[in-house]
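Asker: fold the following for me, if possible:
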Amino acid sequence: MARSDDWPAPAEGLVLTHFLTVRDVPASRRFYSEVFGGEVVLAENPCIVKIANGWIIMNPGGGPTPDKPGVTLAPPEPGDPVSSFLNVRVADISAFYRNAVALGAEFLTEPLDRKAELRCYLRDPDGYLIEVGQATGMLDGIFADPSGRSG
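Answerer: Have a look, this model is predicted:
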């Protein structure tokens, strides 16, 4: 039986988890447990992987249910616009990047210096975007240049 702190079930207050609708639960479970060093708490129905101080919950998509009428869950299709993404902060982005690449992760770019942080992005097996960053300049009050766009 798992320890109580392995489950996203707080004794008081709340915990924040991230739910992903996935095409292939075993492939996604393997990705998050291997690339991010997660602990599989529950293999399926739903799959729960504990990563550091959070949880990724994964299940296949489906149509409306009584508690979410009118809502259909589906993983993103290639080329879909991105409206949200997972943001992961690491202590050593170079080590994380090398290890993740060795495990088969494919990044959009190598880590880039953004003044406030070192940052890169990768996609999971379903195409969800994941930002991986390491705080650098922001720790000394140096922040990225404004993007020039509102929002």
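
Asker: do a quick rundown of the helices in the protein.
Answerer: Per DSSP state H, the chain carries helices over the ranges 25-35, 93-102.

Asker: in CSV: the ones you listed, plus mean neighbour count.
Answerer: Every C-beta, even on glycine, is put in place using the N, C-alpha and C of the backbone. Formatted as CSV, these follow (neighbours: other CB atoms under 10 Å):
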stretch, mean neighbour count
helix 25-35, 19
helix 93-102, 16
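
Asker: tabulate those (CSV), appending mean pLDDT and distance to residue 61.
Answerer: Below are the helices of the chain laid out as CSV (pLDDT from 0 to 100; distance: least, CB to CB, whole Å):
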stretch, mean pLDDT, distance to residue 61
helix 25-35, 98, 11
helix 93-102, 98, 26
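
Asker: could you dump those to a markdown table with distance to residue 134?
Answerer: Listed next are those as a markdown table, based on distance: least, CB to CB, whole Å:
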| stretch | distance to residue 134 |
| --- | --- |
| helix 25-35 | 16 |
| helix 93-102 | 4 |
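
Asker: tell me which of these lies nearest to residue 130.
Answerer: helix 25-35 (9.0 Å; CB to CB).

Asker: who's the most centrally placed residue in the chain bridged to?
Answerer: Nearest to the mean C-alpha position of the chain, by CA atoms, centre = their mean, lies residue 86 at 3.9 Å. Assessed by DSSP bridges, residue 86 has beta-bridge partners residue 130.

Asker: okay, now the domains of this protein?
Answerer: 1-74, 76-151 (automatic domain parsing).

Asker: right, I'll call it a day here.
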